[in-house]
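[1] pasting the sequence and the predicted model now:
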Amino acid sequence: MTGVFDVVLLPFRGFAPITGLLAVSLIFGVFMILVFKYTSNQGAIGRLRTRMGSRALGMLLHLHSPAAVLKTAAALMGDNFVYLWMILRPMLVITLPFIITAAQLDARYGRMPIPHHPSTTITVTWNELPDRETLELSAGGLVILEPVVFVDTLMQTSFRVRSGTPGGFVAINTDTFPAGASTPGSGSVVYRGASRRNLPQNLLSPFHGTIGGGSSVAELEIHLPETRFAVLGGRWSWLAVFLAASSLSAIAGAAAFRVKL
Amino acid sequence: MNRREFLKTAAAGSALLALQTGCRGGFSPKRKLLVVAFDGLDPVLVRRFAARGLMPNTKKLMEMGSLRNLATSNPPQSPVAWSGFITGEGPDVHGIFDFVHRNPDNLQPYLSTSRVNPPEKTLDLGNLRLPLAGGGVELLRKGEPFWRNLLQKGIPVTMVKLPVDFPAPQDRNGRFLSGMGTPDIRGSQGSFTFYTDDPRSLSDDTSGGVVIPVRDNGDSCYRCRIAGPGNSLVEGEPVMETTAEVWADRLAGAVRIDVQGNSFIIGEKQWSPWVRFSFPALAGISTVHAIGRFYLKELSPRLRLYLSPLNIDPENPALPISGPSWYARSIAEAVGPYYTQGFPEDTKALSRGVFNDDDFHSQARMVFDERLRMFTHALNQWKDGLLFFYFSSTDLNQHMFYRTIDPESPLHSSTPPRFRTIMAELYNKADRAVGQAMELLDRNTELIVLSDHGFAPFNRGFGLNSWLAAEGYSHISNPEHRNRDMFACLDWSRTSAYGLGLNSLYVNQAGREPNGTVAPDDREALLQRLAEDLERVIDPFNGRRPIERAYIVSRMFPGRELPPWAPDIIVGYSRGYRCSWETALGAFPEEVITDNTDPWSGDHCVAPILCPGSLISSVPMPEGLALQDMGQVITNMLDGES
């Protein structure tokens, strides 16, 4: 899946990260609407919508009769349940692509690389706690700040790192496909940690590092700052941008492909 | 023409005249005016430090224009003074007479500048109370702000950290960030939390913050409960809470704090970065956001961990701290999170002994540096019109460190000598900000540096309530309750006057107070006698008069109907004196005049003539201006038609 997203994002590599995010969102919106079209009973939905419209009109015409209004409202509510049942199948079909897409976007656009300020905390969970006196830490491009905190009861060591250059950022990434430069909000893939992994975990957090069975490290957690995108005067998470853009795209797609929603 | 109208006219005319004869050619309407406000910047100290070469930029500005004493308000308290600056009026119009007012119906004190009103209508669903109408935060300052006139004429206005301005105005084309008076997330003026496993640090005193006992259950983890705001959507407004896990590594001298998915490390004597807290009021619908900073004062042998008052998160403000609402967020995006509470320097932590001088100094320096970053940002953003920028650090640092330059202070000799230069450093830092502002001066840009009042030593506390009792103006029926707040020891039926707040004295008037004894017809005679008696008091310790002058308020504003919360006498203390800490909240200790042994060693609640503010400007200003006149002067400088 990572390869598919790499290809989709390739044309946007040189642009601001939000362009790639918007592109994926727009494509996903159209994809959703096409899935909806071909997995739902469009004829039945059309008839149901017509019926619901006529019931709403009937309510307006019989406002003088509470009994008629209540009866029509109950029927309308029943129609709503029928509608929910009709869209269940497309929703189930969309669920898996949505989860995979969200995981990819979260990995690419969810977190910033490690900045110079403030520092970033890294926590290592060990299989066997190393000796305090002999532990040596190093990371290319990063400055490791004293002190190193040992939490014996959790078998953990925590320390702070920062980019070695004021104003600069360091991304711990896969080197496979950065979707932009290593700047805040760039969308470059940054590792948030590493652990022993299984297939579902790899699907849900695709750029999480994998630790081999023989390692003395059980888990690595990097507390990276969240990325925010400046849109329409606000600062939005990737998820908010994705939901808004894909919804707009789906509505436009419904009109273009004559899909009955 | 009354005195005030005369002053205003004279000030405006004089300012215009001065501008016309300014050193850089004839008068023309100035399109850009920068007003830098340093709370409490004292003209005597400015002259002293400038003469010593510690304020070179200010000295240069004085030579370009002038340095004048700026008459302050009566009483010279910041909320009163800045309200006068904003409205150009006195307390009779803007309604702010003291930091604290009292409700005459029940004598309960309340903050004079703003209040939170509960919703008028709610939809109750179980224990949920969903607001439907009314409610919100109300600014209690009355009167018309001077900037409204500028905005109406299309002159842009930006006011950053303006005091007595919460909730922030929402005037079109203006940008406002609230300053003094802005509460923390719990609605107080700043309430710290101090976690410790040292039983000696525990106390019942809750002024300024709470001390919470914590313990290590053998896993090196202290679980620290963090109290957020009350949940107004739930019946009874239960306090919303979260927990921080503090993992201690005593060998490394540091802790790791895990809270709400964040994790950070701080060593002893270190501050954490700003930490974000979320308190869900209604799951998925309403969340209150706050920010705070931890300070690890000590880890071994005992944990002493300080958490700052939880500030309103400027990126997700729960209350209207800026106008327009996005303005607070835009500043945070540029300079990072910042203190939004009105009193950022934690003076209470120092007074309570939670901080020592070094701890307070490190926090105060952090606040000043943060404000300087905001100042730089504001200067960079400023394009046109009026920019007003306010610094609180000069005031709160002088309150706490005045003892370092005053040999008569009871704490002078016990203060470490390394702090002796701290006041000079403070003024020097303010001078650097002045230098930064002066870089913007050009043909169309002028600069005014001003303060709301000066400063005076506070070495002896005058127990106004104790004096009233000793002189027979009030009667103590429960002597064992003398030290309790809110008049717990008083027999109201035999009391004719009482003190509450920093300068306020009230008559126990029949028909106004709930147990009033003084008939309205006897009031004036009583006030006259009280004022004379107060001005005759002598401090037996040194033979000085603690009270310079007692001002009868009805005579300060003749012909005006004053609001029911107005005091009857404003007590103007002499330099070196102020009301005692106990008097401010209605206690009656045995001794009337005592040494002030609180680090809060400088003050300005004296007679206004004893602590004028400073007025330094790039154009010469006339003598005799008052802070209350400056709104008109600013308007004149920006708008030639006025």
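    Cool, got the structure.

[2] may I ask you to name the longest helix in chain B?
    When secondary structure is assigned using DSSP state H, the longest helix within chain B turns out to be helix B:357-381.

[3] and that one with chain A, contact?
    No: between helix B:357-381 and chain A, judged by C-beta under 8 Å from any C-beta of the partner chain, nothing touches; the nearest distance is 12.0 Å. Quick note: C-beta positions are derived from backbone N, CA and C, even for glycine.

[4] other SSEs contacting that helix?
    For helix B:357-381, the packing partners by 3 or more C-beta pairs under 8 Å, 6 or more residues apart in numbering or on different chains; DSSP states H and E come out as strand B:157-162, strand B:270-271, strand B:294-298, helix B:326-335, helix B:347-351, strand B:385-391, helix B:393-401, helix B:422-438.

[5] and of those, who's closest to chain A?
    Between chain A and the helices and strands packed on helix B:357-381, the shortest separation by C-beta to the nearest C-beta is 5.8 Å, and it involves helix B:326-335.

[6] touching the closest one from outside, list them.
    For helix B:326-335, contacts defined as C-beta atoms under 8 Å, 6 or more residues apart in numbering or on different chains pick out A:233-235, B:160, B:175-177, B:314-317, B:321-322, B:338, B:340, B:370, B:373-374, B:377.

[7] do stretch B:279-290 as well
    Stretch B:279-290 has contacts (C-beta under 8 Å, 6+ apart) with B:128, B:185, B:228-229, B:231-234, B:240-242, B:276-278, B:310-313, B:315-318.

[8] mind saving the C-alpha coords of it as CSV?
    Coordinates of the C-alpha atoms in stretch B:279-290 are reproduced here as CSV (Å, rounded to 0.1, in the frame of the first residue of the first chain):
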residue,chain,number,x,y,z
PHE,B,279,-10.5,18.9,30.0
PRO,B,280,-13.5,17.3,28.2
ALA,B,281,-16.6,19.0,29.5
LEU,B,282,-19.0,17.1,27.2
ALA,B,283,-17.4,14.2,25.5
GLY,B,284,-16.7,15.0,21.8
ILE,B,285,-18.6,18.3,21.9
SER,B,286,-17.0,20.6,24.4
THR,B,287,-13.4,20.6,25.6
VAL,B,288,-11.6,23.2,27.7
HIS,B,289,-8.0,23.7,26.7
ALA,B,290,-5.3,25.0,29.0
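
[9] so for that stretch, mean pLDDT?
    Averaged across stretch B:279-290, the pLDDT comes to 90.

[10] strands - which of the contacts of helix B:326-335 land there?
    Among those, the subset assigned to strands under DSSP state E consists of A:Gly234, A:Arg235, B:Val160, B:Arg175, B:Phe176, B:Leu177, B:Ser322.

[11] just send the residues you listed back as a markdown table, with distance to B:Ala252 and pLDDT too.
    Converted to a markdown table, the ones in strands among the contacts of helix B:326-335 look like this (distance: C-beta to C-beta, whole Å; pLDDT from 0 to 100):
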| residue | distance to B:Ala252 | pLDDT |
| --- | --- | --- |
| A:Gly234 | 41 | 76 |
| A:Arg235 | 36 | 80 |
| B:Val160 | 40 | 98 |
| B:Arg175 | 45 | 97 |
| B:Phe176 | 45 | 98 |
| B:Leu177 | 39 | 98 |
| B:Ser322 | 41 | 97 |
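
[12] A:His116: which of those residues is nearest?
    Minimum distance to A:His116 across the ones in strands among the contacts of helix B:326-335 is 20.6 Å, recorded for A:Arg235 (C-beta to C-beta).

[13] what residues are up against that closest one?
    The neighbourhood of A:Arg235, defined by C-beta under 8 Å, 6+ apart, consists of A:Arg228, A:Phe229, B:Glu315, B:Arg329, B:Glu333.

[14] just B:Ala430 next, same as before
    Counting by C-beta under 8 Å, 6+ apart, B:Ala430 touches B:Phe38, B:Leu41, B:Met55, B:Thr58, B:Phe391, B:Ser393, B:Thr394.

[15] who touches the residue in the stretch 351-500 of chain B positioned nearest to chain A in this structure?
    Scanning the stretch 351-500 of chain B for proximity to chain A using C-beta to the nearest C-beta identifies B:Arg373 as nearest, at 12.0 Å. When contacts are counted by C-beta under 8 Å, 6+ apart, B:Arg373 is found next to B:Val335, B:Gly336, B:Tyr338.

[16] got it, and B:Leu151?
    With contacts defined as C-beta under 8 Å, 6+ apart, the neighbours of B:Leu151 are B:Val157, B:Asp171, B:Arg172, B:Asn173, B:Gly174.

[17] ok, and the most crowded of the contacts of B:Arg373?
    Within these, B:Tyr338 tops the neighbour count with 20 neighbours, counted by other C-beta atoms under 10 Å in any protein chain shown.

[18] look up how far B:Leu150 lies from that one.
    When distance is defined by C-beta to C-beta, to the nearest Å, B:Tyr338 is 26 Å away from B:Leu150.
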